[in-house]
Structures are given as structure tokens and as C-alpha cells.
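Peer 1: Sequence and predicted structure below; questions after.
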Amino acid sequence: MAWIPGGTFLMGSDSHYPEEKPAHRVRVDGFWMDIHTVTNREFDTFVRETGHVTLAERPANPDDYPGAKPQMLPPSSTIFKKPTAPVDMKDHYNWWVYVRGADWRHPRGPASSISRLADHPVVHVAFEDVAAYANWAGKEIPTEAEWEFAARGGLDGAEFPWGHEFAPGGLQMANTWQGDFPYRNTLEDGFEYTAPVRSFPANGYGLFDMAGNVWQWTADWYQDHARIDSPCCTAKNPRGARQEASYDPRQAELKIGRKVTKGGSHLCAPNYCRRYRPAARMAQPVDTSISHLGFRLIIRPAVEDLGWKSFPIA
């Protein structure tokens, strides 16, 4: 883990997607953060020690999803399937497919495996799986503000975790999509899917993949930045919408609770999803797992226990 010193920064952006507005001042206290996303190797250790079965590996409860087609209820997850030609970009079902047997052990479908992906980020983990891992590890899921502050690496106001230029000197700094999404990837960064952690340079705080590779869960319930109480003033350690964690999917209109995810992924491209930036954000249903979403965790030191600063940095 790396020590993130805390401080005040400009959260969000007025220059990109509407959900990032308005940019506003935020202060966070210091904390320790995993230097990379949790890997398949690490998640496998957790599963072996606890017997945890992920949401994607369990059949869905039909009572929670009245009217759902029977073929949607067996253990399944969502994977990216690259089209062979240009498609209607307004319909994301042209490249996302719900696949029976896809899960963290089979990230690209039931015929795939993680035998050569031990150091790749674990994917197909729903929010409850992340919470279970955090409890086992004795860590916590970062808030959106903590995650974004850490991603900036001390470069307040910079567009990317490494500065203002996407590929300085032609160097690819993150695992993203080059070419025309979703059907043509020129692979200038060397990766078609996820990359092993530490494949690209760390930011100023020593954190890897704070842009690209996989989206990352945060603890915050999603709300628009526009709903913050005082965009003119500095908020300290803010959290997202006040929504009960025990959100019941059987409520009216089957509105599933959504958490904020950050960082973009290997599927983000200039022609479709320019979200490989600290300010970028996406709302993710808590009951959903997907092939480009993972996580990393933090430890918040107790106020009276500054001894955490002697925690070893791996």
C-alpha cells in the first residue's frame, strides 16, 4: 500500500461529461491505498480461505426480478464482445452480452480461464463481493473523493493522473482503446483486454492504473455532483447520496441501487468513452458484475493512531 497524504483538491470537471459538473473544492484526510487493483491471485486466496461464492456464480432469485426471462436467471455475467464491423453506437447491446458461466474464474466466458491471468485485475465482482473481500482483508472501500484525490497523484487540476497530455512523447500511459470503438483496436498499448497490474507507469503517489485497465468500485451511492449542498465551499471527507446499503431491488420500478465507479477501462476510447481521467465517473448497479470492473481498497488510520504511518509499503 502507499500513503496518500490527504489535502484539498478540485473534484470533478466542468470541461467533459455532464455528470462530472460542477467542479468543486474537497478536502480528504490521509489514508493508505492499495498500489494496484486486487488481482486474480489475491482474490483466489480470499476465496480459498473463506469459501466465498460471488454473485455471478449464483443463480438469481426470481422473486427479486419479477418478469425476468428464465435464461437470465442462471449464474451469468456481462462480457464485452467485439463486433466485426461498425455498429449503432447508441445501442450498447451491440457489444455487451450477458453470458451464462462468465465469472471471475472465466472472465471472457465459460471456455476461458485465469490460468495465465494471475496478475491481472479480478473482474466480474459485484459490490457485495468487494465488501466481503474488504471485510476479510481488514480494509475499506474508498469513497469517490478519496479515490479521485489519490488518482490525481498530487497534480490538482490535471486532466490525467500523469499530467495534461494523454500520451506524452508518444508513450502510452494506460491500458485504453486505440482505434475505432467497438470494432477496431489498433493495440498501440499492447493489450486487447486487461493488462497485468504495474504494466504502466505509476502516478505521483505510486499508484498504478488509476486510469484505464478496469473501472473501480467506490463506496459512494451515486448522485449528481449538481446536487451537492455547497459547490462554492470546501467539503471535508464527503460521501455520496444517503441511501441505505440494504437497498431492496423489489421496490417500485425495480430501481437497483447504484454505486460510483471510477477510472475508466481498457474499453474507453476517444470516439466513445473518454473517461480514463480522475474526474470521470459512472453509476454501476450493485447487483451487476462485468468484465471490465474491479477494485482496490484503503485503510484509514484512526485519528489518535498516527502509528499507521509505519505501515510497510509493498
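Peer 2: Done, it's in.

Peer 1: OK, contacts around the residue at minimal distance from the centre of the chain?
Peer 2: Central residue of the chain (CA atoms, centre = their mean): Gln216, 1.3 Å from the mean position. Taking CB atoms under 8 Å, 6 or more residues apart in numbering as the criterion, Gln216 is in contact with Thr37, Trp147, Thr261, Lys262, Gly263, Leu293, Gly294, Phe295, Arg296. The way it works is simple: take the backbone N, C-alpha and C, and place the C-beta from them, glycine included.

Peer 1: Could you tell me how far the closest residue in space to Trp95 that isn't next to it in sequence is located from Arg48?
Peer 2: Spatial nearest neighbour of Trp95, excluding adjacent residues (CB to CB, 6 or more residues apart in numbering): Pro182 at 4.2 Å. Counting by CB to CB, to the nearest Å, the gap from Pro182 to Arg48 is 35 Å.

Peer 1: and the two? which has more neighbours close in?
Peer 2: Set Pro182 next to Arg48 and count neighbours by other CB atoms under 10 Å: Pro182 wins out with 23 against 9.

Peer 1: So which helix or strand of this protein has the lowest pLDDT on average?
Peer 2: Sorting the helices and strands of the chain by mean pLDDT, DSSP states H and E puts strand 235-236 at the bottom, at a mean of 76.

Peer 1: just checking, what packs against the helix or strand following that strand?
Peer 2: Downstream of strand 235-236, the first helix or strand assigned by DSSP states H and E is strand 258-262. Judged by 3 or more CB pairs under 8 Å, 6 or more residues apart in numbering; DSSP states H and E, the packing partners of strand 258-262 are helix 144-152, strand 215-221, strand 281-285.

Peer 1: Output the contacting helices and strands for the helix or strand following the shortest one.
Peer 2: Once strand 281-285 ends, the next helix or strand along the chain (criterion: DSSP H and E) is strand 293-294. Contact partners of strand 293-294 among helices and strands, from 3+ CB pairs under 8 Å, 6+ apart: strand 215-221.

Peer 1: Only the buried residues of the strand it packs on, if you could.
Peer 2: Residues of strand 215-221 classed as buried: Trp215, Gln216, Trp217, Thr218, Ala219, Asp220, Trp221 (neighbour count, 16 or more other CB atoms under 10 Å).

Peer 1: Please name the strands paired to that strand in the sheet, noting orientation.
Peer 2: According to DSSP bridges, strand 215-221 forms sheet pairs with strand 258-262 (antiparallel), strand 293-294 (parallel).

Peer 1: Select, out of these, the one closest to Thr78.
Peer 2: Thr78 sits nearest to strand 293-294 of all the strands paired with strand 215-221, at 9.2 Å, using CB to CB.

Peer 1: before we move on, back to that, for the strands paired with strand 215-221, give me CSV that also has mean pLDDT.
Peer 2: Shown next, in CSV, are the strands paired with strand 215-221 (pLDDT from 0 to 100):
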stretch, mean pLDDT
strand 258-262, 96
strand 293-294, 98
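
Peer 1: where in the stretch 151-300 of the chain is pLDDT low?
Peer 2: Residue ranges of the stretch 151-300 of the chain with pLDDT under 70: 227-234, 241-255.

Peer 1: how about the strands in the stretch 51-200 of the chain?
Peer 2: Here the stretch 51-200 of the chain has its strands, by DSSP state E, counting those that start in this stretch, at 76-80, 96-100, 179-180, 184-185.
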